[in-house]
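Colleague: pasting the sequence and the predicted coordinates here, then a few questions.
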Amino acid sequence: MRHELRDVRLVAAGHRVVHGGTRFDAPVRLTPAVLAELEALVPLAPLHQPHNIAAMTALAEVYPELPQVACFDTAFHSTRPWQAQMFALPRELTDEGVRRYGFHGLSYEYIAQRLPQIAPELAEARVVVCHLGSGSSLCGMRAGRSVDTTMGFTALDGLPMGTRPGVLDPGVLIYLMREKGMGPDELERLLYHKSGLLGVSGVSNDMRALLDSENPQAAEAVELFCFQVAKQAAGLAASMGGLDAVVFTAGVGENSAPVRARVAEKLGWLGVHIDGAANRARATRISAADSRVPVFVIPTDEERMIASHTLGILAHSAVLSPLAA
Ligand SMILES: Nc1ncnc2c1ncn2[C@@H]1O[C@H](COP(=O)(O)OP(=O)(O)O)[C@@H](O)[C@H]1O
Ligand SMILES: CC(=O)OP(=O)(O)O
Ligand SMILES: [Mg+2]
């Protein structure tokens, strides 16, 4: 890094941190105390949080004076009403933080800023944003604020993903523990690494490979994915009391015209109709001229959000002093 960045003056490092728990609903400057709190959240995001923390500790070793800022995937969702945050579990579990957090918040925050630049008439709109990548989730946002989202306590809930199952009857877990003798480590491997598109297809976790495959199980994996996107998008429309626009973003959402077409087809009854040619050309607005609900493809930019938050924290705490790399 020192070599690559020799002509650059580093002023700070911003990080995506997937889980902020109940404690962090905004970006925060990294301190040893903050780091300890982020480490305590590792069990809630075992696929992501350890890597987020590893980057911070590595950087702190090389640049001990460099200010570092943690920007949370969960923070954007702190505006949701209580019904969207609560599981129907005994109160004491809710009180200790067993609740729905939601993720991909930096991506949703970027889209919330970008959409009104593209379509000012939608500034107050009820929008379902489909962040479809390796990890996938949906966010229902109204006037740019999160109302509801498909992920929950961890990044396992909601849509099927590359290697995660999405929504699952918790009774399945009791069955696997009791009848198959699975312990927490084996369950974690099953749910974070072996399920989702990979588990259903037996072929790949990559949507491109599944769309190219002749294997009927690959086709089933794609169909299961599109079915759940449409079904859960309709659920978010109910959370918002209506639907005024749909946005596709992230790896699959930005690049896969067939997935967008199939999801839109399943949402036709809600007034979502796309224009085939615009969709294939990956236009910014892909809805048909007579579609009640406009549909957009907007490339996300989580890094830009992180940079912007990091500069904001620096300006706020007046630490933007000349720091030579
Ligand atoms: N042209 C494409 N068609 C279908 N899927 C694609 C295409 N390009 C990328 N993808 C999918 O996007 C996924 C990665 O999305 P991305 O948002 O970069 O994921 P993440 O940030 O969660 O790693 C890949 O796993 C791949 O399945
Ligand atoms: C939260 C999450 O699932 O992130 P990613 O899409 O990066 O896996
Ligand atoms: Mg991503």
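Modeller: All right, it came through fine. Numbers count the residues shown, from 1 in each chain. Ligands and ions are numbered 1, 2, ... in the order given.
Colleague: now do the contacts for the residue positioned nearest the centre of the chain.
Modeller: Most central in the chain under Cα atoms, centre = their mean is residue 104, positioned 2.5 Å from the mean C-alpha point. For residue 104, the contact set (Cβ atoms under 8 Å, 6 or more residues apart in numbering) comprises 73, 131, 135, 137, 139, 149, 151, 250. For glycine as for every other residue, the C-beta is placed from the backbone atoms N, C-alpha and C.
Colleague: redo those as JSON lines? Include distance to residue 279, secondary structure and pLDDT.
Modeller: What follows is the contacts of residue 104, written out as JSON lines (distance: Cβ to Cβ, whole Å; DSSP: H, G, I helix; E, B strand; the rest coil; pLDDT from 0 to 100):
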{"residue": "73", "distance to residue 279": "28", "secondary structure": "coil", "pLDDT": "97"}
{"residue": "131", "distance to residue 279": "18", "secondary structure": "strand", "pLDDT": "99"}
{"residue": "135", "distance to residue 279": "23", "secondary structure": "coil", "pLDDT": "97"}
{"residue": "137", "distance to residue 279": "22", "secondary structure": "strand", "pLDDT": "98"}
{"residue": "139", "distance to residue 279": "21", "secondary structure": "strand", "pLDDT": "99"}
{"residue": "149", "distance to residue 279": "25", "secondary structure": "strand", "pLDDT": "98"}
{"residue": "151", "distance to residue 279": "26", "secondary structure": "coil", "pLDDT": "98"}
{"residue": "250", "distance to residue 279": "16", "secondary structure": "helix", "pLDDT": "98"}
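Colleague: now the residue of the stretch 1-150 of the chain found nearest ligand 1, nearest residue through space, not along the chain?
Modeller: Relative to ligand 1, the nearest point of the stretch 1-150 of the chain is residue 133 (2.5 Å; Cβ to the nearest ligand atom). Leaving aside its sequence neighbours, residue 133 sits nearest to residue 250 (Cβ to Cβ, 6 or more residues apart in numbering; 3.6 Å).
Colleague: show me where this protein has its helices.
Modeller: Using DSSP state H, the helices assigned to the chain run over residues 32-40, 49-62, 82-85, 91-95, 105-118, 170-180, 184-193, 196-201, 207-212, 216-240, 250-255, 257-266, 276-280, 302-317.
Colleague: which among these is found nearest to ligand 2?
Modeller: Of the helices of the chain, nearest to ligand 2 by Cβ to the nearest ligand atom is helix 250-255, at 7.2 Å.
Colleague: can you tell if that closest one touches ligand 2?
Modeller: No: applying Cβ under 6 Å from any ligand atom, one finds helix 250-255 separated from ligand 2 by no less than 7.2 Å.
Colleague: so which bits of that helix are buried?
Modeller: Across helix 250-255, burial judged by 16 or more other Cβ atoms under 10 Å covers 250-255.
Colleague: any idea how far residue 315 is from the closest residue to residue 183 other than its chain neighbours?
Modeller: Leaving out its chain neighbours, the residue that sits closest to residue 183 by Cβ to Cβ, 6+ apart is residue 177, at 7.6 Å. For residue 177, the distance to residue 315 equals 50 Å [Cβ to Cβ, to the nearest Å].
Colleague: give the contact list for residue 202.
Modeller: Residue 202 neighbours (Cβ under 8 Å, 6+ apart): 215, 217.
Colleague: and it, what's its pLDDT?
Modeller: Listed pLDDT for residue 202 reads 98.
Colleague: before we move on, what about residue 325?
Modeller: Value for residue 325, per-residue pLDDT: 37.
Colleague: got it, and residue 320?
Modeller: 49.
Colleague: what do you get for residue 27?
Modeller: Residue 27 is given a pLDDT of 97.
Colleague: burial measure for it, as a count.
Modeller: 23 (other Cβ atoms under 10 Å).
Colleague: excluding its backbone neighbours, what's nearest it?
Modeller: residue 309 (4.1 Å).
Colleague: show me where pLDDT drops low in the protein?
Modeller: The chain contains residues with pLDDT under 70 at 318-325.
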